[in-house]
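# I'll drop the sequence and a predicted model, then ask my questions.
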Amino acid sequence: GAGVSQSPSNKVTEKGKDVELRCDPISGHTALYWYRQSLGQGLEFLIYFQGNSAPDKSGLPSDRFSAERTGGSVSTLTIQRTQQEDSAVYLCASSLGDREGETQYFGPGTRLLVL
Amino acid sequence: GDSVTQMEGPVTLSEEAFLTINCTYTATGYPSLFWYVQYPGEGLQLLLKATKADDKGSNKGFEATYRKETTSFHLEKGSVQVSDSAVYFCALSDLNYRGFKTIFGAGTRLFVKA
């Protein structure tokens, strides 16, 4: 089966514009995470969805960031009024969400550049 | 809350040197522990894992032992190669009211020189 997919792979936008990033998790995975990776190293947690529970939004850096997950599958991360410091690689990951020792599977990421 | 702390990088070694990347954790429950790796230009992928105390995870010559008494999961390799140059992430997965949630450390970049 297919892995986690993300689109677009690259996005260049102007400061102040809104962007939407999409994640298609592995079918059947109830847990979905968004992370931000800057400078090719640090992994910053943004938001976590688990089944029908309210999402864990504790990592969202500001109210310009929001995410939703429709039908327990596809997720969209929206950044409003983008700033240059939002430039980073945005990673999505999914996992089964219901068992000990489960592996997280990562997508290839969306590289966002805000000019 | 749960957290993972790993040594800051970058770590620079010569080929065939011994590698240790330290990782410690705090958790309210009894977590599973992981090391993920990100090779240059590639996505993050699982390297190894351990689900209970004293378990040893191993893969590609890397090992890590789940030490509950010291809350640690240090990554080791006896003889590194240039191809091991990557960013290594320690992580834990713990049960909360939503399900199993994974938390990552900040990552440690490893450079191996020929």
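Great, that's in hand. Computed from a predicted structure; not experimentally measured. Numbers count the residues shown, from 1 in each chain, chains lettered A, B, ... in the order given.
# drop to CA atoms for contacts and neighbour counts, all remaining ones
Will do.
# partners of the helix or strand encompassing A:C23 in the sheet?
Assigned by DSSP states H and E, A:C23 belongs to strand A:19-24. Strands adjacent to strand A:19-24 in the sheet, as given by DSSP bridges, are strand A:5-7 (antiparallel), strand A:75-79 (antiparallel).
# following the last one, which helix or strand comes up?
For strand A:75-79, the succeeding helix or strand toward the C-terminus, using DSSP H and E, is strand A:88-95.
# ok and that following strand relative to strand A:75-79, angle-wise?
Between strand A:88-95 and strand A:75-79, the angle formed by their directions is 160 degrees, by axes from the mean of the first three to the mean of the last three CA atoms, to 10 degrees.
# Contacts for strand A:88-95, please.
Residues from elsewhere that reach strand A:88-95 (CA atoms under 8 Å, 6 or more residues apart in numbering or on different chains): A:4, A:6, A:23, A:25-26, A:29-39, A:102-113.
# what's the strand holding A:C23 in contact with?
With CA under 8 Å, 6+ apart as the test, strand A:19-24 has contacts from A:4-8, A:13, A:73-80, A:82, A:92, A:107, A:110.
# and the contacts of strand A:88-95, which are buried?
For the contacts of strand A:88-95, a burial check counting by 16 or more other CA atoms under 10 Å in any protein chain shown picks out A:4, A:6, A:23, A:25-26, A:29-38, A:102-113.
# remind me which residues of chain A are low pLDDT?
Applying pLDDT under 70 to chain A flags residues A:1, A:40-41.
# what's the nearest residue to the residue minimising distance to the centre of chain A if we skip its chain neighbours?
The centre of chain A sits closest to A:W34, judged by CA atoms, centre = their mean, with a distance of 3.0 Å. In this structure, A:W34 finds its nearest non-sequential neighbour in A:C92, 4.6 Å apart by CA to CA, 6 or more residues apart in numbering or on different chains.
# ditto for A:R36
With sequence-adjacent residues excluded and distances taken as CA to CA, 6+ apart, A:R36 is closest to A:Y90, at 4.6 Å.
# what's across from the one you found in the sheet?
Counting by DSSP bridges, A:Y90 is bridged to A:R36, A:T110.
# Can you classify the residue in chain A sticking out farthest from the centre as helix, strand or coil?
Seen from the C-alpha centroid of chain A, the residue lying at the greatest distance (CA atoms, centre = their mean) is A:E100, 22.8 Å away. Three-state assignment for A:E100 (DSSP: H, G, I helix; E, B strand; the rest coil): coil.
# Now do the nearest residue to A:Y35 once chain neighbours are set aside: how many residues are near it, please.
Nearest non-adjacent residue to A:Y35, counting by CA to CA, 6+ apart: A:F45, 4.6 Å away. Neighbour count of A:F45, defined by other CA atoms under 10 Å in any protein chain shown: 20.
# Is A:F45 located within a strand, as I assumed?
Yes: counting by three-state DSSP, A:F45 is found in a strand.
# Would you mind confirming that it is in contact with A:D56?
No: using CA atoms under 8 Å, A:F45 is not in contact with A:D56, being 10.2 Å away.
# Give me every residue in chain A lying close to chain B.
Within chain A, the positions lying close to chain B (CA under 8 Å from any CA of the partner chain) are A:41-45, A:50-51, A:53, A:97-109.
# ok, 7 Å please
For chain A, the contact set with chain B under CA under 7 Å from any CA of the partner chain comprises A:41-43, A:50, A:53, A:97-101, A:103, A:105-108.
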